[in-house]
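J.: let's see this in three dimensions:
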Amino acid sequence: MLYLSTRGDPARKRFCEILLEGLAPDGGLYLPEHYPQIDAAGLARLRGVFNGGATGGYAALAFEILSLYIDDIPASDLRALCDRTYTEAVYGTPQIVPLKSLEEGLHLEALSNGPTLAFKDMAMQLLGNLFEYELGRRGEELNVLGATSGDTGSAAEYAMRGKKGVRVFMLSPRGRMSAFQQAQMFSLMDENIHNIAIAGVFDDCQDIVKEVSNDLDFKRAYRIGTVNSINWARLLAQVVYYFAGYFQATSDAPTPGLRGSLPPEGADSPSGAQAANRSLPSVSFTVPSGNFGNVCAGHVARQMGLPIDKLVVATNENDVLDEFFRTGVYRVRAAADTHETSS
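T.: Numbers count the residues shown, from 1 in each chain. Predicted structure coming up:
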């Protein structure tokens, strides 16, 4: 699998290259040349992997999906990385992302069982192990530069703490994080973790990260990488729990009332597998959204053929993403103070 920039740079790169690089040299995001297609038989096989007991489960499902996008890490090593990441010891439950039924047809997928109690642990824990693995293989070091107003920083630091070859420099807006998240981050005493408070808002922190990432000479000289959702590896890891949620919410056979509820033919140009899987039961995911990172992983899963009906963006007063989808207009504006922060 090769990856290319969303801004048109013709250079194609392999997974481990973009893993450490983050943003493309032209400032774009790396995406795969194509999305692997999973038909009904493939979904049935993945369901069997997920439900496979001692030889299956979430880690095995993660390996199968990641293998579709990663061909420059030996399969045995990638499987070991998944097995090391998605464990009951880390997430407190053998199911990793258990599904709780609230009422008929309504379920809650628990993504917050990781070390920092945030859904971002699902991807960050894998990212930490991937960084350590690839840096060790190359005999190199990496300075991770990130921006956060809350759970990204905590999740990244707990995933990277103690990792060989990795140093983390996390920017956060001074006085704009919850007391709990601030305590999580600032209480870490690991030698490779560094917290930097910035006078401003989250976007100011993110702007610094992007400016550094766009200075190619500086970035290469100081071996700088990123862990924000601009890193494809993070988004890829999040794709897995959409499959896990789907398998837990549906049975093998089409379910009355759910059959055929995918977008009609011709709408949004469904992928080949997406169109072919119309007869399978479908589900909708409602996703708390600060930016497009989490729900974008659901979009990728749907492009691969997972029968997803709707992806619902749930937001608060900082509803730039919702406004963009409704109006097609993206406008820069000041952040509203809310009880719960994102990113």
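J.: residue 223 against residue 144, yeah?
T.: No - with contact defined as CB atoms under 8 Å, residue 223 does not count as touching residue 144 (9.7 Å). C-beta: built from backbone N, CA, C; applies to glycine.
J.: and the two? Which one has more around it.
T.: Shown here are residue 223 and residue 144; by other CB atoms under 10 Å, residue 144 has more neighbours (29 against 15).
J.: quick check: bridge partners of that one?
T.: residue 168, residue 225 (DSSP bridges).
J.: isn't it right up against residue 168?
T.: Yes - counting by CB under 8 Å, residue 168 is a contact partner of residue 144 at 4.7 Å.
J.: and for these two, which residues touch both?
T.: 156, 160, 227 (CB atoms under 8 Å, 6 or more residues apart in numbering).
J.: dump those into TSV; add neighbour count and secondary structure as well.
T.: Output for the shared contacts of residue 144 and residue 168, formatted as TSV (neighbours: other CB atoms under 10 Å; DSSP: H, G, I helix; E, B strand; the rest coil):
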residue	neighbour count	secondary structure
156	28	helix
160	27	helix
227	31	coil
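J.: just the strands in the chain please.
T.: Taking DSSP state E as the test, the strands found in the chain are 3-5, 30-32, 99-103, 106-109, 142-147, 166-173, 193-198, 224-226, 283-288, 308-314.
J.: so which bits of the third one are buried?
T.: Going back to what we said before, that points to strand 99-103. Buried residues in strand 99-103, counted by 16 or more other CB atoms under 10 Å: none are found.
J.: helices of the stretch 1-150 of the chain, start to end?
T.: For the stretch 1-150 of the chain, the helices defined by DSSP state H, counting those that start in this stretch occupy 15-21, 40-50, 58-67, 75-85, 88-91, 121-138.
J.: cool, the stretch 151-300 of the chain as well?
T.: For the stretch 151-300 of the chain, the helices defined by DSSP H, counting those that start in this stretch cover 151-160, 179-186, 202-214, 216-221, 232-249, 272-276, 293-304.
J.: hey, which of the ones you listed is tucked in deepest?
T.: helix 151-160 (a mean of 28; mean count of other CB atoms under 10 Å).
J.: and that helix, C-alpha only, in CSV?
T.: C-alpha atoms of helix 151-160 as CSV (Å, rounded to 0.1, in the frame of the first residue of the first chain):
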residue,chain,number,x,y,z
ASP,A,151,-7.4,14.3,26.0
THR,A,152,-5.0,14.2,23.1
GLY,A,153,-2.1,15.3,25.3
SER,A,154,-2.9,12.9,28.1
ALA,A,155,-3.4,10.0,25.7
ALA,A,156,-0.2,10.7,23.8
GLU,A,157,1.9,11.1,26.9
TYR,A,158,0.6,8.0,28.6
ALA,A,159,1.2,6.1,25.3
MET,A,160,4.7,7.4,24.8
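J.: can you give the contact residues for that helix?
T.: 114-116, 118-121, 124-125, 127-128, 131, 144, 146, 148, 166, 168, 170, 172, 177, 181, 184-185, 188, 190, 192-193, 195, 227-228, 342-343.
J.: go with 7 Å
T.: Applying CB atoms under 7 Å, 6 or more residues apart in numbering, the contact partners of helix 151-160 are 115-116, 118, 120-121, 124-125, 127-128, 144, 146, 166, 168, 170, 172, 181, 184-185, 188, 192-193, 227-228, 343.
J.: ok, stretch 70-79 next?
T.: Taking CB under 7 Å, 6+ apart as the rule, stretch 70-79 contacts 1, 14, 15, 16, 63, 66, 67, 133.
J.: name the nearest of these relative to residue 293.
T.: Nearest to residue 293, judged by CB to CB, of those is residue 66 at 17.5 Å.
J.: lovely, talk soon.
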